[in-house]
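# Just to be clear, the model below is a prediction. Sequence and coordinates:
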Amino acid sequence: MEAILATTAFALTAIGLYGLLTCRHMIRLVLCFNILEAAVLLAIVLLAYRPEALAPLVRDGEHAYVFPLPHALAVTAIVIGASLTALMLAFIVRIYKSRGTVYIDELKEWRR
Amino acid sequence: MMLNVSVALLCAFLLLVAVYVVVARSVLAAIISMGVFSMLVTAVFVVLRAPDVAVTEAVIGAGLITAFFVIALDKTSEQ
Amino acid sequence: MTVFAGHLPVFLIALPLLAVPLLYLIDRLGANSRNVALLFYALMALAAGVPWLPGFPAEVVAEIGGWPADIGIELRLDALARLFLPVVGVIGLLGTVAADPGEATGPFYPLSFLLLAGSNGLILTNDLFNAYVFLEITSISSYALVGFRRDTRGFESGFKYIVVGSLASVLLLWGIAGLYAVSGTLAFSRFAAALPAVPGRAAVAAAVLVVVGLLTKLGIAPFHAWKADALAGAPRSVAATLAGATVSAYFVVLVRVLTTVPGGIGFGLRPATGGFFMRLSAYVSEFVAAGIPGMLILLSGASIIVGHLTALRQTRLSRLLAYSSVAHFGYIIAGVAVGTVPALAGAFLHAVHHAFMKAGLFLFIPLAADSAERDRITSLTCGRTAPALVGSAMIFLTMGMVGIPPAAGFASKWILVLETARAGAPFAAILIALGGAIALVYYLRLSLAAVGRTRSSSPRRSPADVRVFAAFLVCAGYVFVAFWATDLLAGIAISVAETTLGGGG
Amino acid sequence: MKRTTAALIVTVLVVLAGFAASELPSEAERAEPVNHAIRSLADTGAVNAVSAVLFDYRAFDTLGEATVIITTAMIVAFLAPQARASMLSVRMSGIVLYGVVLLLPFIAVFGLAIMLYGHISPGGGFTGGVVLSTSAVLYAVVYSAGGQQSYVLAPATNKMIENVAMTAFLAVGFFGMAASGAFLANAATGIGLGTPGSLLSAGTIPLLNVISGLKVGVGLAIIIISLFLE
C-alpha cells in the first residue's frame, strides 16, 4: 500500500508540474499549485504511517501509534498553502481589474 | 489484500481527477473537480490513520479553497 | 546577563510580532504610528547588535517550550547568526526609514515588522520545518510589499514572484519530507549524526531539492527570472530591504543546510591536472562526482555570466541592480561551494558587503530619479540634496560593487578569487575576475550618466528626501569604513567560518 | 510552453526523482525517528498527540503559521478597493435566508466544539476556526446579497479580535518564559495537566487551541470578505 501511495504522490507531482508548464489561465495555474501541494502532503503523511499502528489518539501505552509529527507538519502546510492560494487569487483578481486578462502570456511584465 | 485493491482504486481515481483538473475545457469544471480531488485526498488521509490531517484537508481543501476559487472566478469573468 | 542572553533569540522574533498588534493599537488611538514604528524598529536593530557585547556567551540555545531539538524546536544564536542579525536589522531599518510616507500607508509598517520577524527567525532557528514556516512569513510579506504600490506593474511582478516563490516552497517541502524520511529528524544540528557520512541517493536528492528551493529564493541563475521584475516593481525602500536584508536571511539558511547535511560542503574540489581539454573533461566528471558542491559551482558560474551580461543590456537602474545581484550571489555561492574556511569567510564577508552596497544603490534611485516610475539610467541626475555628496557616494558604492580598492567590495572579492583558484575551481576565479570587468563597463556608464548633470527644475526638498539621503549615506559610510577595517572584518568572518564548518559537520 | 516539451521535462524529472527514491534507506539502516505519541500523554496531558505536537512540542511553528494567516488577511484586505462595492448582485430567496438563520447556530456550535475538544479528538484550533469563519461568511454572503452589507462582526471588530488573539498567543508564550524560563512552556510552568480526556486538561493546549482558532477564523473571514469586495 505504501508503494501505491508513494507512486501516486510522484504521479500527482508530475501532473501538477505539467499543468504549471502548459496552463495559460492564471486560476488554473493556482489549481496546479494545489495539486502539487496535495502531492507533498500525501508524501509527508505517508512518512508517518506504519502498518498495524493506530491513529495518534493515545488511550494507553500498550498500542503502537503512527507518528504524529508528520501529521502536525501536514496541518501546518495545509494552512500555509491555503494562505498562499488566497494571496495568489487576490493578485489575479487585481491583475484582471487593471489589465483585463486572465492569461499569463498576455501580461507585459512576463515577457522581458 | 482487500485494502490494497481499494487503495489502488482510490489512487487511480485521484489521478484521473487530477488529470481532469489540468485538461478540463472550462475552468469552473476544473475548480469543482478540485473539490472532488480534495475529498479523495481526505479519504486517503483517513486510510493512512491521520484523522487530524483529514479533517483539516476536508474543511480547508474541499470547503474553503473551493470557495476562494469560485469567488475569484466570479470576479474575473464579469464584464 | 546570562538569563537575558538565553531569552534574546526569542525576543528577536517575538517582539517584532508583538509590534503588529501594538501598531494596530496606536492606530486605533488615533496617533501617528509612524514614529513609534521607526523607534521600535531601531530598538530591534540595536537588540540584534547585543550579541556583540563583551561577556555575551559564544553560543546561546533557547529551547522553545523547554523541549530539546530532537522533539521540539530550538533557536540557536551562534557565530553565523551573530554576524548576520545586525545586517538584517540595520538594512531593514534603513529601508523602513527611507520609505516614502506617501507609499508607506496601511499595513506597510506591520509588514516590515513581519519581514523582520521572519528574517530573524530564519537566521536563528535550528529546525528545518520551522525555517520553512519563517520562510513563508518572510516571502508572503515580501510578495505583498512588492505589490504594495497597487499599480499594474506591482501586481504583475508580485504575481510572478508569488508563482516562482510558491514553486520554490513546494520543492523545499519535498526536500524537507525527504530529509525527514532518510534521517528521522528535522534539526540542523542532528542531520550529521542521523545520516551516514556518505549519504545515499535519496538523501542527496532531498538535500538538492532543499538547496534548489533556497537558491530560487536567492535568485541564482537559472532560477533568477523573478528577481528583476520583483525588485523593479517594488517601492524603492522595499527593494533595498529585499536586496539587502531578506536575501541575507535566505543565505544563512542555505549555509546551515549545506554545512550540516552530509554531502554538502566542507570538502574541497580536487584540483585537476593535465592539458586544457583533459582538465575540462576532468572538471565535468568531477562536478558530477562532487554532488552538491559541483552543482553549486556550475550554477554560480551560470549566475555570474547571465547576471553580468543581462545587466549590461538594461536601461533601467533597478533592473540593472537586480541582475548585478544575481551575479554577486554567483560569487558568494562559488565561495560557499568551495567550502574551505577562507573561501567561506570570503563568501560571508562579500554577502555582508554586498547587502550594504546593494541597499545603498537602491536608495540612490529615489534620490536620483524624478518619480518612482522613471529610473532610466540616462534620465538620472545626482539629486536635489547635496548633489556633489550624493554623486561621490554613488561612485564610491559602484566602486565597491566592481571591487576597486578604497571600497569594501575589493577585499572580499579578492579573497573569493584567490580562494576559489587555490581550492581547485579556477574557472570560478576567472569568471569572478572577468565579471568585475563587465561590471566596470555598466557601472561606469551609470556614473557618467548620473554625475555632472544637475537638475534643471527647481529644487524641492522634503523631509522624506532627507531620510533617504541619510540612509543612503549610512550605506556609503559603511562601505568606506569597512574597507579600512578589512583586517578586523576578515578576522571575524574567518572565525565565523571556522565555527560554522567545525560545529556543523 | 509546447506540450511535448513540458511532458519531456516532467518525465525526466520524475524519472530522476524515482531513481533517487528507489534508494531510501531500509528500516534497519535508519535511526527510527522520535514518536511523540509514546510520550505525549505524560508530557502534555493531551489525548490527541497531533494536538500535543502542534500546540506544545512545536507550538512555535503554530505561532508562525497563525502569523502567516494574519499577514495574508492584512494584505488581502489592503488590496481590496476601499470604495464600497456590492458583494453579490443576486437577491436570495426567503427559503435561503431562513435556512441560513436556522443553520448558523449549528455550524457555529460545531466549530466551537471542534476547537474546544482539539486536545481530545481530531480537529483543533485551525479546523474549528475555519468552520467558524464559514458561518460568518455564510451570513455575510446571504444577507449582503442585493447591495446592502451586513456582517456578524463588523470588519473593524474582526481586525481587533485578530490583534487581540495575536497578543494573547504571545502572552501565553511569555507566561511560559516567566514561569519556567522557556517560551511557550506548558507543563514545566507548573500548570496542572488535569485528567487526560477531560475538557480542562493538557495545560495551555486548549487555550492555545481557542486563541489560534479565533485568529484563523477571523483571519479567513477577513480574507473571504475582502475577496468578495474586490
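Cool, got the structure. Residues are numbered from 1 along each chain as shown, chains lettered A, B, ... in the order given.
# Now do the phi/psi pair for residue C:61.
According to degrees, to the nearest 10, the main-chain angles of residue C:61 amount to phi -120, psi 120.
# which residues does it contact?
With contact taken as CB atoms under 8 Å, 6 or more residues apart in numbering or on different chains, residue C:61 is in contact with C:74, C:75, C:76, C:77, C:126. All C-beta spots, glycine's among them, are computed from the backbone N, C-alpha and C.
# rerun that using 7 Å as the cut-off
Residues near residue C:61 by CB atoms under 7 Å, 6 or more residues apart in numbering or on different chains: C:74, C:76.
# where do the helices sit along chain D?
In chain D, the segments counted as helices under DSSP state H are D:3-21, D:36-44, D:49-52, D:59-79, D:94-116, D:125-144, D:155-180, D:205-229.
# for the longest one, the distance to its chain's centre please.
Averaging C-alpha coordinates over helix D:155-180 and over its chain gives two centres that are 15 Å apart (CA atoms, centre = their mean, to the nearest Å).
# What residues of that helix count as buried?
Using 16 or more other CB atoms under 10 Å in any protein chain shown as the test for burial, helix D:155-180 gives D:155, D:158-170, D:172-177, D:180.
# So that helix, near chain A or not?
No. Using CB under 7 Å from any CB of the partner chain, helix D:155-180 stays clear of chain A, coming no nearer than 13.6 Å.
# other SSEs contacting that helix?
Applying 3 or more CB pairs under 7 Å, 6 or more residues apart in numbering or on different chains; DSSP states H and E, one finds that helix D:155-180 makes contact with helix C:2-28, helix D:59-79, helix D:205-229.
# Let me see the contact set for the residue lying closest to residue B:59 once chain neighbours are set aside.
Of all residues not flanking residue B:59 in the chain, residue D:130 sits nearest, at 4.7 Å (CB to CB, 6 or more residues apart in numbering or on different chains). The contact partners of residue D:130, taken as CB under 7 Å, 6+ apart, are B:59, B:60, B:64, D:216, D:217, D:220.
# Could you rank those residues by neighbour count and give me the top one?
Of all the contacts of residue D:130, the highest neighbour tally under other CB atoms under 10 Å in any protein chain shown goes to residue D:216, namely 31 neighbours.
# and the angle from the helix or strand harbouring residue A:76 to helix D:125-144?
Secondary structure assignment for residue A:76, by DSSP states H and E: helix A:68-99. Interaxial angle, helix A:68-99 versus helix D:125-144 (axes from the mean of the first three to the mean of the last three CA atoms, to 10 degrees): 30 degrees.
# Wondering if helix A:68-99 reaches chain D at all.
Yes. Under the criterion of CB under 7 Å from any CB, helix A:68-99 makes contact with chain D via A:68-69, A:71-72, A:75-76, A:79-80, A:83, A:86-87, A:89-90, A:93-94.
# Low-confidence regions, the chain specifically.
All of this refers to chain A. For chain A, the stretches with pLDDT under 70 are A:61, A:109-112.
# Wait, chain D was what I had in mind.
Across chain D, residues meeting the criterion (pLDDT under 70) sit at D:1, D:25-31, D:81-92, D:144-150, D:152, D:230.
# Just give the nearest non-adjacent residue to the closest residue to chain B within it, would you?
Relative to chain B, the nearest point of chain D is residue D:122 (3.6 Å; CB to the nearest CB). Residue nearest to residue D:122 in three dimensions, not counting chain neighbours: residue B:51, with 3.6 Å by CB to CB, 6+ apart.
# what about the one you found, neighbour count?
The number of residues packed near residue B:51 is 19, by other CB under 10 Å.
# Run a quick check on it versus residue A:55, I expect a contact.
Yes. If you go by CB atoms under 7 Å, residue B:51 and residue A:55 touch, sitting 5.4 Å apart.
# and residue C:123, what does it touch?
Residue C:123 makes contacts with C:81, C:84, C:85, C:88, C:249, C:252, as judged by CB under 7 Å, 6+ apart.
# scratch that, residue D:203 is what I was asking about
Going by CB under 7 Å, 6+ apart, residue D:203 touches D:44, D:45, D:186, D:187, D:191, D:193.
# Now intersect those residues with the strands, please.
Using DSSP state E, the subset of the contacts of residue D:203 located in strands is empty.
# before we move on, back to that, how near is the residue nearest to residue D:122 to residue B:45?
Counting by CB to CB, to the nearest Å, the separation of residue B:51 from residue B:45 is 8 Å.
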